[in-house]
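S.K.: Provide a 3D model corresponding to the input given below.
(2 chains)
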Protein chains: 2
Amino acid sequence: MKVGIVGIGHGRFGRRDDCTVQELAFEPFKEALEDCELEKKDIDATVIGSSPEYHKQRSISGVIAEYLGMNPQPTWLTEAACASGSAAIRTAYGLIKGGVHDVVAVLGVQKMLELSTPEILALMGRVGDVQWESIFGTTFPGYYAMYANRHMYEYGTKPEHLAMVAVKNHEYGAMNPKALFQKAITLDKAMKSEMVAYPLRLFDCCANADGAACLILANEEKAKKISDTPVWIAASATASATMSILRRETLTSLPSAVEASRQAYKMAGIGPNDVDVADVHDCFTIAEIMAYEDLGFCEKGKGGKFIEEGQSKIGGKIPINVDGGLKSKGHPVGATGTSMAVEMVKQLRGEAGKRQISGAEVGLTHNVGGIGQYCFVHVFRR
Amino acid sequence: MKVGIVGIGHGRFGRRDDCTVQELAFEPFKEALEDCELEKKDIDATVIGSSPEYHKQRSISGVIAEYLGMNPQPTWLTEAACASGSAAIRTAYGLIKGGVHDVVAVLGVQKMLELSTPEILALMGRVGDVQWESIFGTTFPGYYAMYANRHMYEYGTKPEHLAMVAVKNHEYGAMNPKALFQKAITLDKAMKSEMVAYPLRLFDCCANADGAACLILANEEKAKKISDTPVWIAASATASATMSILRRETLTSLPSAVEASRQAYKMAGIGPNDVDVADVHDCFTIAEIMAYEDLGFCEKGKGGKFIEEGQSKIGGKIPINVDGGLKSKGHPVGATGTSMAVEMVKQLRGEAGKRQISGAEVGLTHNVGGIGQYCFVHVFRR
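M.R.: Down below sits the predicted model:
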C-alpha cells in the first residue's frame, strides 16, 4: 500500500521565546490541517519527532496532544538525535502501511533556546559516545572538524569549498520566509568569520533554533480522496553506524548514509541521477559535501568540485538545500527531518515560489542523526 | 498479517552499577536471540523503548545498536514516559504489519539509578504538565495520592485495600528471580510503613530501578518458521488523555486506559472475562485498583472488593501481576512495557514456573505513561 503526504505546515524557525513547546507545535499542525482541509477528528494519531533533553517539559507528546485537542487519539515520540523527525515519518509510514492507522500527523518539534549555547553544546556532545569520547571533551563542531580535516587531506578539499556551501545556502535561505537567517552572505565574509574548530568557521556551522514542521500522512485510498496533489513516499530507508567515531573505518563518509541511500534508490527504483531536488543534512558545511558523495550525486572525493562548479545550485545537476538548509533555516533538532520533507512536498507540488525547481518529480531527503550513527533517506514522488 | 513474538529475554531488575546502559541492553537481547535460536544477522531492526533524560549517554539507540553488533541495521528510540516499552512494541508491530521489516528486536531499557531519588522525583514531576502543575510542586506520589483520596471518598476504598495489592505483588515477586524485591511482606508491615503522600505509604509505591527486557517480533510466515510456540499480538491499542490532571473529568479512572482497552477487546474479539492473566501498571497500589476497573475486570468502584476477595490472585477470577508487578520487580521506566510482555509470553508458553497460570491462552498488558496521558493495552494469544 502506498503512503501519501496530503498536508504540510511549517512554523517560523528561530528564537521562539514567545511560546511554549506545545504552542510551537500547534502552528504547523493547524497549517497542515488547513492545507488539506481536514479536521482534528480526521486524524488517527500524532507521532512526535523530537530530542527530549532540551525541554523543561518532559514527555512532550502528552502536552502537545492535549494542546492540539487530539485526545484520546494515540500519541508518542520518536528519537534519533538530529534525525528524530525522519524517524517519526518512518514510524507513521510503517503504521499506515500496516493498516494500523489511516491518517497520521507527524510533528517534528524542538525548543532549544531556553538553554544557553554552552548548555546545548554540552548536551550535543553527549550524543557522541559518552563512555569513550564526549567525556574527553569532543563536541559536535570538533567531530565534524575531524571529518573536514580528513577530507581536505585525502581529497584536496579546500576551506573555500566549505564556504561556498554556506554562501549557496544563505542565498537560498534569503528566499525562505520561515528561515532563521534570510540574508545572503559573501564568500569573503564566510572565509573571514570566526574560527570555531579548524577548518570550520562560524559560517560553516548551522545555528541552534526553535521550530516545528508538520506532515499529514495518509494511506493510498484516503490520500487520493483528501488531496488532488498527494506526494508519495517512494522510499523510506534508514541505516545505522557505530556511534564511536573511533570505530569507524572512514572519516570522509558516513557509512549509514551510503547504506540508507543504497536501499532508498533500490526501493524507489531510481538512481541518484533521477533525483530532481534534495535536502541534505548540512549541520556543518563539510556534511553537505560528504552528502553529495555518500548519496552518489558525485564521485567520492569530488564534493568540493561539485559545489565549485555550481552543480548543487538551482540550474545545476541536482539543486540541494534550496530552502536554505540547516545552515540558513536553523536546526531545531527534531523538526529538521519534517522541515526537509515539507520542502520536498512544496517542490513536487510546484509551490516553492522563487526557489521552485521547474518540473521537479523526484525529491530526496537525507537526515543524519548525531555524527552519523543514524541516517534516514526518504524519496518522494509526485 | 499477524505479528508474533518468537523470542524473549529479561535482565535482572535492580541497582545495576555494574554495567553501562548498552551492557544492560545486551543481556536480554542475547537471551532473546538464544531463546529463538536466531543470530544477529537475522534481525532487521532494533527499536528501543526508553525515557531518555535519565541517562548521561544521550540518544542511546546509537550506542546500543553498536554494542549489540547491529550496525548497519536501523535503530531508533520511542518514548511515552513509563509506557515507552509498549510504544516500542507498537512501533515494531506497525513496521512488521506494513512489511517494512520482517523481524524486529524490541528492547525496553532504562538506567535510572545513576541519579539520586530526589533527582529522579524532580525529573518524574516534569512528566506532569510543567506550565501549570509540576512547577507548583506536584510529584508522582502526589498525583497518585490524589487518585487514591478521591477513590476512597467516592467508593469507600480503604488503605487496607491498597496494602493488599502490595502484599499480593510482593508474594508473587518472591517467585520471580529477575525482580528487585524477592520477599513477601505482611499486611501489617505495609500498613505501618512510612507515609509518602497520604494515603500512599512506602509499600504503596513502586521502586525506581535499572533494567532491560527484550522481545523478538516477526511476521506470521517467519514466526511460524522460527518458533514452534509463537505468541501472537492479538491487539495493539493505545489512547491518550490530557496531561494536565486539572483538565480531567474524573480522578478515579484513567480515560486513556478505558479507551485503549475498549479498542483492544474489539480488535482481539474478546471481552475482559476472556483474559486468563494480565500485567497491569501498578506504579502505585491505587493504580492497580483503578486498572481492575478501567479494564472492566470488575465494576467501577469495586476494585477494593476485587483485591479483598482475592480475585486478582492466582486461583481468582483474573490473576494479575503474578510476576510481582512494578511494585516488586521495580520500575525501570522504559523496560516495564517489554517486561510485562515477556511475562505474558512465558505464561502463554507455559514457562512461568511456580507462578504459571494453568492453561493460560489469553494474556493482556496495561502500561500507563506518566499520570495516564498515555495508555497502551496489548492482548497476546497462544
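S.K.: Residue A:114 and residue A:53 touch, don't they?
M.R.: No: here residue A:114 does not reach residue A:53: they are 11.8 Å apart, not a contact under Cβ atoms under 8 Å. C-betas here are computed from N, CA, C, even on glycine.
S.K.: ok, the two, which is more surrounded?
M.R.: residue A:53 (20 against 15; other Cβ atoms under 10 Å in any protein chain shown).
S.K.: OK, contacts around that one?
M.R.: Counting by Cβ atoms under 8 Å, 6 or more residues apart in numbering or on different chains, residue A:53 makes contact with A:123, B:52, B:53, B:58.
S.K.: Can you spell out which residues form a bridge with residue A:79?
M.R.: In this entry, residue A:79 is beta-bridged to residue B:77, by DSSP bridges.
S.K.: Okay, buried residues for stretch A:274-289 please.
M.R.: A:275-289 (16 or more other Cβ atoms under 10 Å in any protein chain shown).
S.K.: Out of those residues, which sit inside helices?
M.R.: With helices taken from DSSP state H, the overlap with the buried residues of stretch A:274-289 comprises A:285, A:286, A:287, A:288, A:289.
S.K.: quick one: which of those residues is nearest residue A:79?
M.R.: Nearest to residue A:79 out of those is residue A:287 (Cβ to Cβ; 20.0 Å).
S.K.: The closest one - nearest residue in space that isn't next to it in sequence?
M.R.: Spatial nearest neighbour of residue A:287, chain neighbours left out: residue A:281 (5.8 Å); criterion: Cβ to Cβ, 6 or more residues apart in numbering or on different chains.
S.K.: Give me the contact status of the helix or strand of chain A at the bottom of the mean pLDDT ranking with chain B.
M.R.: The weakest-scoring helix or strand in chain A, judged by mean pLDDT, DSSP states H and E, is helix A:117-125 (a mean of 92). Yes: if you take Cβ under 8 Å from any Cβ of the partner chain as the test, helix A:117-125 does meet chain B, through residue A:123.
S.K.: separation between the residue nearest to residue A:287 and chain B?
M.R.: 15 Å (Cβ to the nearest Cβ, to the nearest Å).
S.K.: OK, now which residue of the stretch 251-382 of chain A is nearest to chain B?
M.R.: Nearest residue of the stretch 251-382 of chain A to chain B (Cβ to the nearest Cβ) works out as residue A:373 at 3.6 Å.
S.K.: er, the stretch 201-350 of chain A actually
M.R.: residue A:243 (3.7 Å).
S.K.: Now do the SS call for that residue.
M.R.: The three-state label given to residue A:243 by DSSP: H, G, I helix; E, B strand; the rest coil is coil.
S.K.: now do residue A:48
M.R.: Classified using three-state DSSP, residue A:48 is strand.
S.K.: Isn't it up against residue A:75?
M.R.: Yes: between residue A:48 and residue A:75 there is a contact at 6.7 Å, judged by Cβ under 8 Å.
S.K.: Need the residues touching each of these two.
M.R.: A:61, A:64.
S.K.: higher neighbour count, the two?
M.R.: Set residue A:48 next to residue A:75 and count neighbours by other Cβ under 10 Å: residue A:48 wins out with 31 against 28.
S.K.: Could you measure from that one over to residue A:337?
M.R.: Applying Cβ to Cβ, to the nearest Å, the value for residue A:48 to residue A:337 is 12 Å.
S.K.: Ok, residue A:69 next?
M.R.: 24 Å.
S.K.: Which of the helices or strands spans residue A:163?
M.R.: According to DSSP states H and E, residue A:163 maps onto helix A:159-173.
S.K.: mind checking how far that helix is from the chain centre?
M.R.: Here helix A:159-173 shows a centroid-to-chain-centroid distance of 17 Å under the convention Cα atoms, centre = their mean, to the nearest Å.
S.K.: can you list contacts of whichever helix or strand comes after that helix?
M.R.: Remark: after helix A:159-173, the chain's next helix or strand is helix A:187-191, criterion DSSP H and E. Contacting residues not belonging to helix A:187-191 are listed as A:159, A:160, A:163, A:164, A:166, A:167, A:201, A:203, A:204 [Cβ under 8 Å, 6+ apart].
S.K.: list the contacts for the last one?
M.R.: It refers to residue A:204. Contacts for residue A:204 (Cβ under 8 Å, 6+ apart) come out as A:148, A:162, A:163, A:165, A:166, A:190, A:196, A:284, A:285, A:286.
S.K.: Same check on the fifth one?
M.R.: For residue A:166, the contacting residues are A:185, A:190, A:203, A:204, A:285, A:327, taking Cβ under 8 Å, 6+ apart as the criterion.
S.K.: Then residue A:51?
M.R.: With Cβ under 8 Å, 6+ apart, residue A:51 has these contacts: A:79, A:81, A:82, A:84, A:110, A:333, A:334, B:52, B:58, B:59.
S.K.: So which of these belong to strands?
M.R.: Among the contacts of residue A:51, the ones falling in strands (DSSP state E) are A:79, A:110.
S.K.: Closest to residue A:144 out of the contacts of residue A:51?
M.R.: Nearest to residue A:144 out of those is residue A:82 (Cβ to Cβ; 11.9 Å).
S.K.: Could you pick out the residues of the stretch 201-350 of chain A near chain B for me?
M.R.: So the stretch 201-350 of chain A meets chain B at A:236, A:238, A:239, A:240, A:241, A:242, A:243, A:244, A:247, A:255, A:256, A:259 (Cβ under 8 Å from any Cβ).
S.K.: repeat that for 10 Å
M.R.: A:236-244, A:247, A:255-256, A:258-260, A:262-263 (Cβ under 10 Å from any Cβ of the partner chain).
S.K.: Can you give me the pLDDT of the residue lying closest to residue A:186 once chain neighbours are set aside?
M.R.: Nearest non-adjacent residue to residue A:186, counting by Cβ to Cβ, 6+ apart: residue A:167, 7.0 Å away. On the pLDDT scale, residue A:167 is placed at 98.
S.K.: Any idea how many residues pack against the nearest residue to residue A:121 once chain neighbours are set aside?
M.R.: Distances taken as Cβ to Cβ, 6+ apart place residue A:139 nearest to residue A:121, at 5.5 Å, with adjacent residues excluded. Residue A:139 has 16 neighbouring residues, counting by other Cβ under 10 Å.
S.K.: can you check residue A:273 too?
M.R.: Counted with other Cβ under 10 Å, residue A:273 comes out at 9.
S.K.: Might you report the residue contacts of it?
M.R.: A:296, A:297, A:317, A:318 (Cβ atoms under 10 Å, 6 or more residues apart in numbering or on different chains).
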